[in-house]
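Engineer: Sequence and predicted structure, then a few things I'm wondering about:
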Amino acid sequence: MNHQAAKLEALVNQNRRTTAKKTRFIAITSGKGGVGKSTISSNMAYLMAKYGLKVGIFDADIGLANLDVMFNVKIQKNILHVLKGEASVEEIVVPIEKNLLLIPGESGEEIFKYASGGLFERFMEEAGVLDDLDVMIIDTGAGIGEHIQLFLRACDDVIVVTVPDPAAITDAYATIKVTSRLRNEINVIMNQVRSAKEAEGLFEKINKVASANIGGNLRLNFLGQVSSDPKISASVKKRALFSRDFPVAAPTQELEMIVKRLARKLERNVLVDPKESGLGGLFKRLMEHF
C-alpha cells in the first residue's frame, strides 16, 4: 500500500495544475440517519458558495445518497463509473450554483476495488479539473462503519450532526468515541433544537461524558445549532434549499454563523498540505489511510 500511495502522490504532483489551491476537506457525519445531516451539508455548501468560495460537495452516503434530491438534480453516473472507465470526471460533476459543484460519490469500499491499475491513474489525471476548489464537503454515511472512518481520517475537519433525541445523542457519542481514535478535534452541530440554550445544554452533557470516558487530548468544539422550523421540512419536500428559499429565517442565520466559524479555520489553513487540491487530493489522502 505504501508503494501505491507513493506512486499516487507522484502522479498527483505531476498533474498538478497552475490553478491548484489548498482545498480544505470537511466531513459531515452522524451517529444515526434521519438527523438532517444531508440537509446541513447541502445548505452549508450553498452558503459557502454564496460567499465566494469554490465548493465541491461529495456524496459519500451510499445506500441513502440523497444530495441529488436536496439539489433537485438527476444523477446519471457517479465516481464509480469514472473509476471503471465508463465516464470522465467532467461528465459526472453536476453544477448546482455559481461556485458550487456536486460530485456523486461511492463508498470507500467500492472505490478501492478499483484503486489499482491504469484506470485509477487515468482518473487521477482527470481529477485535476477540480483542483481549484477552496472547500470539499464530504457527506458521509451515518454510523461507525469502516469506509466511513476512512473519509473521517482523510479530512481536515469532522463535523458530527445530532438532534435532541436520546437515541441520536447516544449514537452521536458512539461516533465521537470511535472518531477520537483517529483525531483529537471533533466539531458538533446540534440540529432541530428549540433554542440555543437547549443546544448548548445537550452539547455540554456530551462533552462532559466524553471528557470523563474518552479523555486524552480530545477537544470537542460546539460549532452551533440549527433551530427546528417547519420551513426546513417544507423546503426538503419541495427539493429546495431552505437557506436559499428563506434567507432571513432563524435556521439560515444560524447556519451562516457556523459557516463563518468554519471560514475562519479556512483562512488559517494550518492543516492543509499545499499539494493537496480538489478530488485528486481527497483520493491521495484516502489511499494513504486505506
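Structural biologist: Nice, thanks for sending it over.

Engineer: Can you report how many residues neighbour Asp165?
Structural biologist: Neighbour count of Asp165, defined by other Cβ atoms under 10 Å: 15. For the C-beta atoms, the positions are set from N, CA and C on the backbone; glycine is no exception.

Engineer: I'd guessed Ala199 sits against Val193; true?
Structural biologist: Yes: if you go by Cβ atoms under 8 Å, Ala199 and Val193 touch, sitting 4.3 Å apart.

Engineer: what touches both of these two?
Structural biologist: 164, 225 (Cβ atoms under 8 Å, 6 or more residues apart in numbering).

Engineer: helix or strand for Ile159, which one?
Structural biologist: strand 157-162 (DSSP states H and E).

Engineer: now Glu97: how far from Thr170?
Structural biologist: 36 Å (Cβ to Cβ, to the nearest Å).

Engineer: re earlier: tell me the helices and strands packed up against whatever helix or strand comes next after the strand holding Ile159.
Structural biologist: On the C-terminal side of strand 157-162, the closest following helix or strand by DSSP H and E is helix 166-179. Secondary-structure packing of helix 166-179 (3 or more Cβ pairs under 8 Å, 6 or more residues apart in numbering; DSSP states H and E): strand 24-30, helix 146-154, strand 157-162, strand 185-193, helix 196-213.

Engineer: Of all the ones you listed, which one is nearest Glu254?
Structural biologist: Set against Glu254 and scored by Cβ to Cβ, the helices and strands packed on helix 166-179 come closest in helix 196-213, at 8.3 Å.

Engineer: who touches the closest one?
Structural biologist: Contact with helix 196-213 is made by 164, 169, 172-173, 176-177, 180, 188, 190, 193, 218, 220, 222, 224-225, as judged by Cβ under 8 Å, 6+ apart.

Engineer: which stretches of the stretch 51-200 of the chain have low pLDDT?
Structural biologist: Within the stretch 51-200 of the chain, the segments meeting pLDDT under 70 span 61-65, 106-129.

Engineer: Mind telling me which residue is nearest the centre of the chain?
Structural biologist: Nearest to the geometric centre of the chain sits Ile138, at 2.4 Å (Cα atoms, centre = their mean).

Engineer: Is that residue in a helix, a strand, or coil?
Structural biologist: Three-state call for Ile138 (DSSP: H, G, I helix; E, B strand; the rest coil): strand.
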